[in-house]
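> Got a sequence here, can you build the structure:
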Amino acid sequence: MKRMACLVLMILLLTGCAGGGTEPEALVSVVRGEYLSLAGWQSQVALTAHYGDAVYQCSVDVRWRREGETVLTITQPQLLAGVTARLSPDEQVLEYDGAGVSIGLMDEEGLTPVSALPVMMEQLTQGYIARCSWAEEGTQLCLVCRDPSREAGQGTEYILFLDAAAHQLVRAEVQVDGVTRLEAVFEDFTMEMTDDDTGDNADLGGG
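Here you go, the predicted model:
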């Protein structure tokens, strides 16, 4: 019994997941390896930001790159269509082309709806996974990421849902002190692997 308990603990540590059964944890290890091997991904993302009674919605074309510049372009609403945010991996600064976009910060760390998207990738590949489980009758993998020093419902938490078969991001939430501040729905999610991983920079199809 003692040997079995040690084995279970080792599995949890290797996957970086702090609970649940063995099946979700095993998939977490696979998914993290795949996303660490990505050269980039692109997707149409529908964002809904909650600021008290005010709700803001927009659609963003996201082109994330591991090396180089990540580009986020607003496609809806029409008034802001074409406004582009560029994220430098060196300086971690967002620069906007065109009209300014400012609807406030979501947490004490300065998180915004646009900057949250790259942070989701950091959480997926490097963050502490407090909980992992199946969702939507086993068709999606749900990951809850947060600061390991915080309890559930404290600080900023990232709840990520991935397709259990294809591993693309499907949707995500950002919660601050237990309150949902941002919802993201990913469509046409396409992953581009590195040369070292596939030999040909192959695209893994989107939804």
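> drop to CA atoms for contacts and neighbour counts, all remaining ones
Noted.
> And the strands in this structure?
For the chain, the strands defined by DSSP state E cover 38-51, 54-65, 70-76, 84-87, 94-97, 129-135, 140-146, 156-163, 169-176, 179-193, 203-204.
> could the ones you listed go into a markdown table alongside distance to residue 119 and mean pLDDT?
Below are those laid out as a markdown table (distance: least, Cα to Cα, whole Å; pLDDT from 0 to 100):
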| stretch | distance to residue 119 | mean pLDDT |
| --- | --- | --- |
| strand 38-51 | 14 | 95 |
| strand 54-65 | 11 | 94 |
| strand 70-76 | 12 | 92 |
| strand 84-87 | 11 | 84 |
| strand 94-97 | 13 | 57 |
| strand 129-135 | 14 | 96 |
| strand 140-146 | 11 | 98 |
| strand 156-163 | 9 | 98 |
| strand 169-176 | 10 | 98 |
| strand 179-193 | 13 | 96 |
| strand 203-204 | 22 | 44 |
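> Distance to residue 109 and mean neighbour count for those strands - can I get that in CSV?
Shown next, in CSV, are those (distance: least, Cα to Cα, whole Å; neighbours: other Cα atoms under 10 Å):
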stretch, distance to residue 109, mean neighbour count
strand 38-51, 16, 20
strand 54-65, 20, 18
strand 70-76, 21, 21
strand 84-87, 17, 22
strand 94-97, 15, 14
strand 129-135, 19, 20
strand 140-146, 13, 24
strand 156-163, 9, 23
strand 169-176, 11, 22
strand 179-193, 14, 20
strand 203-204, 33, 16
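> wait, which of those is closest to residue 120?
Among the strands of the chain, strand 156-163 comes nearest to residue 120, with 7.0 Å by Cα to Cα.
> got the angle between that closest one and strand 140-146?
Strand 156-163 and strand 140-146 meet at an angle of 160 degrees, taking axes from the mean of the first three to the mean of the last three Cα atoms, to 10 degrees as the criterion.
> To residue 115, which of the strands of the chain lies closest?
Comparison of the strands of the chain against residue 115 by Cα to Cα identifies strand 94-97 as nearest, at 7.6 Å.
> For the nearest residue to residue 47 once chain neighbours are set aside, give me its contacts.
Distances taken as Cα to Cα, 6 or more residues apart in numbering place residue 184 nearest to residue 47, at 4.7 Å, with adjacent residues excluded. Residues near residue 184 by Cα atoms under 8 Å, 6 or more residues apart in numbering: 45, 46, 47, 48, 171, 172, 173.
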